[in-house]
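[1] compute the structure for the input listed below.
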Amino acid sequence: MKENNEHIDELLIAYLLEEANNEQIMTVENWLSSSDENLKYFDELKKVWFDTLDIETKPVAVDVDFAWEKVEKRLNNEKSVTKTLFYYAFRIAAILIIFFGIFGIYKISTKTPNTLIIAATDSVLTETLSDGSIITLNENSSINFPDKFDKKQRLIKLEGEAFFEVASNPEQPFIIDAGGGYIQVVGTKFNVNTNKDSLYIDVYVEEGIVKIFSLKPDSIDTLYVILKAGDKGRINTKTGKPEKLEVIEENYNDLFWRTSTLKFNSCYIEDVAKTLEEIYNVKFEISDNAKNFKLTATFEDAELEQILDIISLTFDLEIKQNDKKYTINVSNN
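    Residues are numbered from 1 along each chain as shown. Okay, here's the model as predicted:
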């Protein structure tokens with residue numbers, strides 16, 4: 001470590017909390033690049049940070065001796081950690097306990113917040129939270145959250161799919177625990193699908209900026225991706241890896257469950273059929289000579305049969321149904 005440890009530690013805290021200004025960011029990055037020792041120190045510091053981080057922990061009384069022993073034991077198991085790192089890592093942990101409340105050890109609380117649950121069963125449900133955020137839950141989806149949000153964050157847990165219109169509050173980030181990954185915003189509009197039958201948590205941003213990330217206890221790195229309006233991203237719940245997906249054209253149909261509107265802009269019939277399969281839980285078989293037709297249309301609150309009737313009349317196609325399977329062929333008339 002270089003001299004003036006106290007000053008650099010304060011900068012590293014701000015850097016990790018993403019509260020550093022441009023000048024401070026440049027100072028930290030220059031310091032990191034100046035020596036392997038500095039980079040190693042920072043990497044070990046991040047490990048202490050994220051090993052201890054537990055945003056699900058409820059407030060408990062502070063036991064300083066127990067906290068010291070817990071951190072000391074973990075750090076002593078790391079062969080590369082020096083006495084200097086031990087001192088400063090614990091010092092930073094203590095500062096965060098006092099000021100930021102994100103180390104799983106909180107100041108004494110006289111009341112544990114009650115947990116509220118909002119669930120949608122067989123229909124879409126829209127609710128407004130105490131902070132002014134509006135959440136629309138898809139069928140068979142639910143959220144749970146404290147009756148009073150923590151001063152430093154608004155944390156909720158999601159199961160299923162929901163669209164969020166988060167009330168802006170830069171001092172109190174809105175964080176979603178999606179089970180295998182997290183989504184963090186200040187104030188924006190976006191959709192989250194936890195995909196119970198899939199390995200992925202899917203996120204679509206309609207407005208603003210969204211951060212998707214995971215916390216890996218066996219890694220020194222925070223895995224995260226920043227998404228902007230129109231972007232799609234996902235988190236692999238098995239590996240914890242977040243990624244930004246390529247979006248060739250904005251897909252309005254991802255939010256059909258909320259808007260009841262389908263939009264197709266010069267889409268091949270085969271692609272239209274794939275969308276209808278996902279939404280209406282049916283199957284299509286399309287003949288080769290019918291695949292090259294392109295559909296441009298908008299359907300609002302339309303039943304599947306109405307959509308198929310319009311497609312049939314528009315392109316002179318023959319559509320036959322057998323239970324939940326449809327076949328599409330060019331008409332012989």
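
[2] okay, and the beta partners of residue 213?
    Residue 213 forms beta bridges with residue 182, residue 224, as assigned by DSSP bridges.

[3] isn't it right next to residue 182, touching?
    Yes: using Cβ atoms under 8 Å, residue 213 makes contact with residue 182 at a distance of 5.4 Å. No exception for glycine: its C-beta is placed from N, CA and C like everyone else's.

[4] next, count neighbours for residue 23.
    Neighbours of residue 23 under the rule other Cβ atoms under 10 Å: 9.

[5] quick one: pLDDT of it?
    pLDDT for residue 23: 84.

[6] ok so it is a helix residue?
    Yes: under DSSP: H, G, I helix; E, B strand; the rest coil, residue 23 falls within a helix.

[7] and it, how far from residue 14?
    Remark: distance between residue 23 and residue 14 (Cβ to Cβ, to the nearest Å) = 11 Å.

[8] ok, residue 181 next?
    25 Å.

[9] now swap in residue 261 and tell me
    Distance, residue 261 to residue 14, using Cβ to Cβ: 44 Å.

[10] give me the more crowded residue out of residue 181 and residue 14.
    Taking other Cβ under 10 Å, residue 181 and residue 14 do not tie; residue 181 has more neighbours (26 against 15).

[11] was I right about that one contacting residue 242?
    Yes: the pair residue 181 / residue 242 is scored as a contact, 6.7 Å apart, by Cβ under 8 Å.

[12] need the residues touching each of those two.
    Residues touching both residue 181 and residue 242 by Cβ atoms under 8 Å, 6 or more residues apart in numbering: 212, 213, 214, 235.

[13] just send those back as CSV, with pLDDT too.
    As requested, the shared contacts of residue 181 and residue 242 are exported to CSV (pLDDT from 0 to 100):
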residue, pLDDT
212, 91
213, 89
214, 87
235, 93
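
[14] of those, which is the nearest to residue 27?
    Checking the shared contacts of residue 181 and residue 242 against residue 27 with Cβ to Cβ, the nearest one is residue 213 at 24.4 Å.

[15] I am finished for the moment; much appreciated.
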